[in-house]
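>>> Sequence first, then the predicted structure:
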Amino acid sequence: MKVVTIEDAKVLIPNAEHKNFTATDIIIPKGTELIGDVKLVNGLRKGETFQYRLFYTTNNEIIYTNKIKPINMETTEVKLGADGANAKAKIIDIPAQLKDRNALIGLALGATAGFGYATYKKEDYKKKLMYTLIGAGLGFVAGKTVTKNKKVTIK
């Protein structure tokens, strides 16, 4: 497997006594191309069982897999049809901006409604502030709830 380092990676050595790995002073610089294999190694971490994801190079160097990314990763075409043929797929999801916008709109409407109610009842300043904050909180929760209830459509 051909990989490239995405940041400086310290070379590791196995520590048989503690069943883990220790970093050395040897550093593989960012952007270095390496050839090797990814291996999962069982060991201990803070006394608990842990599975280390390590990359073993052809030069017998060991580094963590979070410091590398594959080069020329193979792609696989996925067919959505039941018979393995291409199928028309339409996926509709709500953009992230709209999700946040619903909560903010609910907050603004709730605060306005709370302030309007307090003004209608001719309350003093502290009560107006209290009703405004309560309305804003309820409006925010309502906006989040409306967003959660919207469904993703897949055709």
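That came through fine.
>>> Helix or strand for Ile105, just tell me which one.
Per DSSP states H and E: Ile105 is located in helix 96-120.
>>> State the distance from Lys126 to Lys69.
Distance, Lys126 to Lys69, by Cβ to Cβ, to the nearest Å: 58 Å. All C-beta spots, glycine's among them, are computed from the backbone N, C-alpha and C.
>>> about what we covered before: would you mind pulling the contact partners of the helix or strand that the helix holding Ile105 is followed by?
Once the chain leaves helix 96-120, the next helix or strand it forms, by DSSP H and E, is helix 125-149. Residues from elsewhere that reach helix 125-149 (Cβ atoms under 8 Å, 6 or more residues apart in numbering): 94, 98-99, 102-115, 117-119, 121, 123.
>>> List only those of those residues flagged as buried.
Neighbour counting with 16 or more other Cβ atoms under 10 Å marks 99, 102-103, 106-107, 109-111, 113-115, 118 as buried within those.
>>> got TSV for the residues you listed, with distance to Ile27 and pLDDT too?
Converted to TSV, these look like this (distance: Cβ to Cβ, whole Å; pLDDT from 0 to 100):
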residue	distance to Ile27	pLDDT
Lys99	42	59
Asn102	48	80
Ala103	45	83
Gly106	51	89
Leu107	49	90
Leu109	56	92
Gly110	55	93
Ala111	54	93
Ala113	60	93
Gly114	59	93
Phe115	60	93
Ala118	64	92
